[in-house]
Structure formats: structure tokens, C-alpha cells
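**Student:** Dropping a prediction and its sequence here:
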Amino acid sequence: MNLRGTASRLQVPNVKTVLVDAVGGNTERNSVTILSNEPQLRVGLAWVWTQLGDTHTIFGRKEPIMDIIALAYLGLQSSKLDDWSALATNLLGMQQVETSGDLRRFRMDDRMQRLIIDSSEGDDIGYFGFEAADIAALDRVTARIEAEGLAVTRGSRALADKREVAELIVFHDPAGHRIEIVIGPKIASDPFVPGRPISGFRTGALGMGHVVLQVENIELLMPFYRDVLGFGMSDYGLEPYGLYFFHINGRHHSFAMIGTGRRGFHHFMVELYSLDDVGQGYDLAQLESGRIAYTLGRHTNDWMTSFYVHTPSGFFIEYGWGGRTIDPATWVPHETNVGPSMWGHDRPFMTPDMQAKFRDMRLQCGRNGLRQPVQVMPGNYALSEGVCPWFDAQKRAAE
């Protein structure tokens, strides 16, 4: 099927899954229309998916837009300031830099702030702060958002100072989530001092980590984040419900959505430089009754070894190590159909039936021999003697 050049159209009745690899030229759009009652679409880089009745149309671009380059910060609204301070510093190892009035701010690195807790407006998600590449990128994003009929506000000087950035825009996505896109984040003059002894958080060009939303309507938000904001799709899963993962830099995903049919915050993730940081955090979390939400485990898509904890606000935090990095220019999106975890990540808060469903998927991963190489960086590992037959076989198979 050749989709290059002028727009081509394909109509396939009662198709469950369609994978489109070919895309058009530099700025040409090609469309594939699938007529189906409930199709599940595997999508390529920066696809747009719009729904017109029973007709789903997807448009492809040759390369993803990367005007937005990182998750810069996360703002939460919570009245439980002391509980958040204890969790962020004692367990996560963040540095608290403000304790005045109704605000708590925390550092993770050389940035002035990464996590902000505000008790002045009740309990809610708050806002997500993403970083644009430069002022030109910020202007391009602004134009695309306004073209969708959404209101965009240039942040005041007072708000920019409060966020510790040079400039920002503010808007709400189609589901009402407050999004801030910034340029020029300020760098602290003093070094980061963790709340407990840790090697540090893996941030830099990869950003703060990732955020995951529970959403009522995936089809409403998918085209906005993928096409308007330019997030590249990394992978997706359909069981036990729709999960969609997006990248904006080399981190496998900085943003994800779960189609639970509910609106809310599922979790945010921070990544550590050392596996021991995670293990020692796991020990600390187990000292608190009911703190563990997911047991220690390893994910199938980003290969992160992590555990999850309950937060004072009712969602989760993932505390991880060893996440994979990708090349957005060459990455090919795909379906992950083996479940979210290779092992571990048992969820004690779930009903027995749901726990069993996730457990069966993990056990099937084991029966299939699913495993992935450990992800390390120069300087934080030492080679052992000997060879690994499995890894050698994988390298030979790839040659």
C-alpha cells in the first residue's frame, strides 16, 4: 500500500487492528479511514486520530514534532502539606526549599523547583509544566493550540517568577487539565542537598520524570497531545485497559494516559541513579503500614525497576531505576501486549480478581522467557567475569 504523495484513502469494514507504516512527504498529509464499530488502531509517529461518527481517520507525519522537550515541573493542590513534606524528603529524597504559608517546594537537581504543593485551592491535580526548546518553539506550540480553538494566556511576570522561569504560556487541554509550557528555567546557585542519602535523580535533558493521567475519553485527548503538542507515541497496550505512552525526549515516556473512564491523576515517576537508592527507599516505605501500592517489579515497556507508593493525595508515585532511553528520530511505536510488568508490581489495593489478572500476565511473561538487558550508564557499573549465554544469543540474533 503506497501512501506517499497525495492523500490516499482506504476503507476497511470491521477491521479490529490496522498498522500503517508508510507516511507522506515533508508536510504532506496522507489519510487512512477505517470504518469499524470499535477499532483499535496501532499508530505511527505523531499520528492524528479523529473520530467522525463510526469513521476513524488518522493522519501521519514523517517525523514527530519536538517543540516540547521535557517535563519541567509538577504542581499539586493538597491540604496535607506536612504529609507531603515527610514523603518527599524522608522517602523520596527531595530537598525542601520552601515551607512558608500554604506552599511547599522541592528540588531534585540544579533546578530551582521540580515539585510544588499548594494548599490554597483545595485538593486537585494542579498543573503540569513542560519545557519548550526555545521561544520559537513556544510560539509554534501556541499557534497550534490556538488553531484548535483553545484559549492560551501568556503568563504574567509575577507567575513566571513564581515558577522560576523566564516565560510561560498557560492553557487547559480538552479535558480541562491545566498545562503550562515554559522556557528559560532558572538554575539554583547552591548545590542540591537530598533529604536522605541518595546518588541523585536522573533528570537533565530527560526532565523531571513522567506523569500518567486517568482519562474518561482517550479519543478526545489523543490527537491533542500527539498532534497539537507534538508528543511522539512510544507504545500502547490494550489489556487490561487502554494505556498510551508518549515521549518528548530520550526518556521512553514523559507522559501517558490510561483509559479507565475516570478523570484523575494516576501517578508520577522519578528515576534514581542507583538501584540501591530504590532498594533503600523500598525498605523505608515498608516501615509505614499501607504505604506500598505496587511491590518492587520491572516494567515491560520502559524496563524500569521500581515500586509505587500511596501519596497523601490519593494517587501514586513510582520510584524507579534503570529506565531505557530511546532515539525519537528512529523509534517505531508498537503494541505492548504482554502486560505492564515482567515480574513483581503486585497491587495489594486491587480486588482479588484484578490482582489475579495482572499476576497471570506476569507469570505468562516468565513462561515465555521475557527478559531485557539491564540499563546502565558509564561509571555506575563494573563488568563481571564470564559471559551470559542469553545476551550473546540475543546479539547474534540481531546481527
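**Tutor:** Perfect, thanks for sending it.
**Student:** And the strands in the stretch 201-350 of the chain, which stretches?
**Tutor:** Taking DSSP state E, counting those that start in this stretch as the criterion, the stretch 201-350 of the chain carries its strands at 210-214, 232-237, 243-247, 255-258, 264-272, 292-299, 305-310, 316-321, 334-335, 341-344.
**Student:** same deal with the stretch 51-200 of the chain?
**Tutor:** Using DSSP E, counting those that start in this stretch, strands in the stretch 51-200 of the chain cover 55-60, 68-77, 95-98, 103-107, 115-118, 124-132, 153-154, 167-172, 178-183.
**Student:** packing partners for the second one?
**Tutor:** For strand 68-77, the packing partners by 3 or more C-beta pairs under 8 Å, 6 or more residues apart in numbering; DSSP states H and E come out as strand 115-118, strand 124-132, helix 135-147, strand 210-214. To be clear about C-beta, it is placed using only N, CA and C from the backbone, and glycine gets the same treatment.
**Student:** Output the ones you listed as TSV; include the columns mean neighbour count, mean pLDDT and distance to residue 71.
**Tutor:** Output for the helices and strands packed on strand 68-77, formatted as TSV (neighbours: other C-beta atoms under 10 Å; pLDDT from 0 to 100; distance: least, C-beta to C-beta, whole Å):
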stretch	mean neighbour count	mean pLDDT	distance to residue 71
strand 115-118	22	97	11
strand 124-132	22	95	6
helix 135-147	16	98	15
strand 210-214	22	97	6
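**Student:** Point out the one among those that comes closest to residue 162.
**Tutor:** Nearest to residue 162 among the helices and strands packed on strand 68-77 is strand 115-118; the distance by C-beta to C-beta comes to 9.0 Å.
**Student:** what are the pairing partners of that closest one, and which direction each?
**Tutor:** Applying DSSP bridges, strand 115-118 is found paired with strand 68-77 (parallel), strand 103-107 (antiparallel).
**Student:** what comes into contact with it?
**Tutor:** Strand 115-118 is touched from outside by 73-78, 81, 84-85, 88, 94, 102-106, 108, 126, 208, with contacts defined as C-beta atoms under 8 Å, 6 or more residues apart in numbering.
**Student:** Buried among those? Need that as a selection in PyMOL.
**Tutor:** To isolate the buried members of the contacts of strand 115-118 in PyMOL, using 16 or more other C-beta atoms under 10 Å:
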select buried, resi 73+74+75+76+77+78+81+84+85+88+94+104+105+106+108+126+208
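**Student:** got the strands of the stretch 51-200 of the chain as CSV, with distance to residue 317 columns?
**Tutor:** As requested, these are exported to CSV (distance: least, C-beta to C-beta, whole Å):
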stretch, distance to residue 317
strand 55-60, 34
strand 68-77, 10
strand 95-98, 16
strand 103-107, 12
strand 115-118, 10
strand 124-132, 14
strand 153-154, 30
strand 167-172, 24
strand 178-183, 20
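**Student:** Of all the strands of the stretch 201-350 of the chain, which one comes closest to residue 279?
**Tutor:** strand 292-299 (7.9 Å).
**Student:** That closest one: how far from the chain's middle?
**Tutor:** Distance of strand 292-299 from its chain centroid, counting by C-alpha atoms, centre = their mean, to the nearest Å, is 17 Å.
**Student:** Between the two ends of stretch 205-217, how far is it?
**Tutor:** Stretch 205-217 has an end-to-end distance of 31 Å (criterion: C-alpha to C-alpha, to the nearest Å).
**Student:** Now do that stretch: distance to the chain's middle.
**Tutor:** The answer for stretch 205-217 is 4 Å, by C-alpha atoms, centre = their mean.
**Student:** got it, and stretch 153-173?
**Tutor:** 22 Å.
**Student:** which secondary structure element contains residue 390?
**Tutor:** Applying DSSP states H and E as the criterion places residue 390 in helix 389-398.
**Student:** Report the buried residues of that helix.
**Tutor:** Counting neighbours, the buried set in helix 389-398 is empty (16+ other C-beta under 10 Å).
**Student:** Using CSV, list the CA coordinates for it.
**Tutor:** What follows is helix 389-398, C-alpha atoms only, in CSV (Å, rounded to 0.1, in the frame of the first residue of the first chain):
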residue,chain,number,x,y,z
PRO,A,389,24.5,-17.1,27.0
TRP,A,390,21.1,-15.5,26.8
PHE,A,391,22.5,-12.0,26.0
ASP,A,392,25.1,-13.4,23.5
ALA,A,393,22.3,-15.2,21.7
GLN,A,394,20.2,-12.0,21.5
LYS,A,395,23.1,-10.1,20.0
ARG,A,396,23.7,-12.9,17.4
ALA,A,397,20.0,-12.9,16.5
ALA,A,398,20.1,-9.1,16.0
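**Student:** gap between residue 192 and residue 212?
**Tutor:** When distance is defined by C-beta to C-beta, to the nearest Å, residue 192 is 25 Å away from residue 212.
**Student:** same check, this time on residue 125
**Tutor:** 12 Å.
**Student:** Flag the shaky bits of this protein, pLDDT-wise.
**Tutor:** Along the chain, the model assigns pLDDT under 70 to residues 1-65, 239-240.
**Student:** Please parse it into its domains.
**Tutor:** 1-63, 68-183, 225-367 (automatic domain parsing).
**Student:** quick check: longest helix of the protein.
**Tutor:** Criterion DSSP state H: the longest helix present in the chain is helix 352-367.
**Student:** Pull out the buried residues from it.
**Tutor:** 358, 361, 362, 365.
**Student:** what's the angle from it to strand 232-237?
**Tutor:** If you take axes from the mean of the first three to the mean of the last three C-alpha atoms, to 10 degrees, helix 352-367 sits at 110 degrees to strand 232-237.
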